[in-house]
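S.K.: Here is my input, please return the structure:
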Amino acid sequence: MASAAPPSRPAVSLSSDFTPTHWAQGLPDGALDHIPGDDGLPIVGNTFKMLADPAKFGRQMVAKYGTVYRNRAFGRRQVALFGADANELLLFDRGKIFSSEQGWGPVLDQLFPRGLMLMDFAEHRVDRKALSIAFKPGPMRHYSDALNRGIADRVASWADRPMQFYPAIKTLTLDLAADSFIGLPWGPESDRINQAFVHMVQASVAPIRKPLPFTLMRKGVKGREFLVEYFTKETLRRRKEGGGQDMFSQFATATREDGELLPVDEVVDHMNFLMMAAHDTITSSATSLVWLLAKNPQWQDRLRQEILATTGGYDADGTPRDLAYDDLARLELTEMAFKEALRMIPPVPSMPRRALKDFEFGGHHIPAGTPVGISIAGVHMMEEYWPEPATFDPLRFTPDQVKARHKYAWVPFGGGAHMCLGLHFAYMQIKILMAHILTRYQIEIAEGYDPAWKPWPIPQPKDGLNVTFTSL
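M.R.: Below is the predicted model of the structure:
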């Protein structure tokens, strides 16, 4: 039997003991020439092709070059790894080969330094364990009450009128974050905090990376300055006076394994990052689910029946009952529908890392220092794992189906040590949102309506998603 072909190797000489310590350290010219791929146009590379339609670009590159390919975008060469095996290699990271800090750093470091995604290995494990206190049953029960209260009040105002869902749910998600995350009532103070976060998120992916006057980056930097000052004062106050059950109060009093409180500046950075990571991703995934349910009204009926059977229906005055924290796990079909929406339109379409060591994958030797990435959106649409991938079918997520499928074929929350810390909060918020929408309304769209989506950096409908919530 013929032996396997040896992996392709770089033609240039690389130091065998090179370990990159910062994302600004580049590879020698030609270090990735042995990887098949396309560097694109001079200066801009393939940046604009990727931004226009990342999933389509990835499919075209895989068709032409295979599941490991070289690309140049955003000013640097990088290697894409495609498939569930690639997802497992990068996310589970048994050999501690990949740095999340050096993968996300070029995008997030100016505005969201020292967030959990910008930490690696032991440092990440220690802070993640300390912050996990905010997602224990006691605080989560408190968040559940706040979510039910805030969502019920806002959703009641959506009745029987055409509206754009995306901006409505974005505003609601920010307001809910001010309440559940920070413990602030809705009002001028929470509005200013929300606006600062919006500016920071917009600036994190702005093409101009310096805070020049009138640029998004300038607004983002000013927003960060405001929030650093606010969260610093609030951390000190809550440590002195005691806080509540909100997430920020939990972070402010979190301790490491040695019993020491987290330094104040680290609490501030973690809080900034968490707000960023939560509000746009939940906004995107809630919009995707509403869109897919509007297109597939039979699933609205099935979820509505499950919700009513779980909550007990309506109070004497006709008001839908809240979804209790202890009943969250009973909404199995609702969770499957949410998972299917996350498969079809994942809020984080790709995941970057940087190789700290040489490694081999797919017949190629990839040197230390290489920026690498996986396509979550691409793998979520591979027929190898998902028959008829363009069809909305929540029953893909029955226990038997999940067990039969590659564990890393579905990774909207990442995986391994960097699995999203707030994933159970996301499930809870979406289930409570669906409980309040579907027990009041039928979600309707115009016949033939098929909005275009902006795919990058977090998917959203370009027109805001035109829907009507028709009272039952």
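S.K.: Mind pulling the model confidence for residue 333?
M.R.: Note on residue 333: pLDDT of 98.
S.K.: just residue 291 next, same as before
M.R.: In this model, residue 291 is scored at 98, pLDDT.
S.K.: ok, it - contacts?
M.R.: Contacts for residue 291 were tallied using Cβ atoms under 8 Å, 6 or more residues apart in numbering; they are 165, 345, 445, 451, 461, 465, 467. C-betas here are computed from N, CA, C, even on glycine.
S.K.: which SS class is residue 413?
M.R.: Put simply, residue 413 is coil when judged by DSSP: H, G, I helix; E, B strand; the rest coil.
S.K.: That one touches residue 425, doesn't it?
M.R.: No. Counting by Cβ atoms under 8 Å, residue 413 stays clear of residue 425, with 11.2 Å between them.
S.K.: still on that earlier bit, dump the contacts of residue 291 to JSON lines, plus distance to residue 127.
M.R.: Converted to JSON lines, the contacts of residue 291 look like this (distance: Cβ to Cβ, whole Å):
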{"residue": "165", "distance to residue 127": "35"}
{"residue": "345", "distance to residue 127": "30"}
{"residue": "445", "distance to residue 127": "43"}
{"residue": "451", "distance to residue 127": "39"}
{"residue": "461", "distance to residue 127": "35"}
{"residue": "465", "distance to residue 127": "36"}
{"residue": "467", "distance to residue 127": "40"}
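S.K.: hmm, who's touching stretch 265-274?
M.R.: With contact meaning Cβ under 8 Å, 6+ apart, stretch 265-274 is reached by 108, 111-118, 127, 131, 181, 200, 224, 227-228, 231-232, 235, 247-248, 251-252, 254, 262, 422.
S.K.: Strands along the stretch 1-150 of the chain, start to end?
M.R.: Assigned by DSSP state E, counting those that start in this stretch, the stretch 1-150 of the chain shows strands spanning 37-38, 68-73, 76-81, 98-99.
S.K.: Quick one: residues in contact with the last one.
M.R.: To tie it back to what came earlier, the one meant is strand 98-99. Applying Cβ under 8 Å, 6+ apart, the external contacts of strand 98-99 come out as 20, 90, 120, 353-356, 372.
S.K.: which one among the contacts of residue 291 gets closest to residue 186?
M.R.: residue 165 (19.8 Å; Cβ to Cβ).
S.K.: pretty sure that closest one is touching residue 287, no?
M.R.: Yes. Counting by Cβ under 8 Å, residue 165 does reach residue 287; the two are 5.9 Å apart.
S.K.: Need the residues touching each of these two.
M.R.: Joint contacts of residue 165 and residue 287 (Cβ under 8 Å, 6+ apart) are residue 465.
S.K.: Show me which of these two is the more surrounded one.
M.R.: Taking neighbours as other Cβ atoms under 10 Å, residue 165 and residue 287 compare with residue 287 leading, 26 against 23.
S.K.: Are we agreed that that one is in a helix?
M.R.: Yes. Under three-state DSSP, residue 287 sits within a helix.
S.K.: could you list every residue that touches residue 228?
M.R.: Going by Cβ under 8 Å, 6+ apart, residue 228 touches 268, 272.
S.K.: name the element it belongs to?
M.R.: helix 216-241 (DSSP states H and E).
S.K.: in the stretch 51-200 of the chain, which spans are helices?
M.R.: Remark: helices assigned in the stretch 51-200 of the chain by DSSP state H, counting those that start in this stretch are 54-65, 84-92, 100-108, 121-131, 137-155, 165-177, 188-204.
S.K.: Deepest-packed of the strands of the stretch 1-150 of the chain, please.
M.R.: Mean neighbours per residue, mean count of other Cβ atoms under 10 Å, is largest over these for strand 98-99, with a mean of 25.
S.K.: and that one, which strands flank it?
M.R.: Applying DSSP bridges to the sheet, strand 98-99 is found paired with strand 350-355 (antiparallel).
S.K.: What lies in contact with the strand it pairs with?
M.R.: 20, 23, 54, 78, 90-91, 97-100, 102-104, 107, 366-377, 411, 414.
S.K.: how about stretch 231-240: buried residues?
M.R.: 231, 234-235, 238 (16 or more other Cβ atoms under 10 Å).
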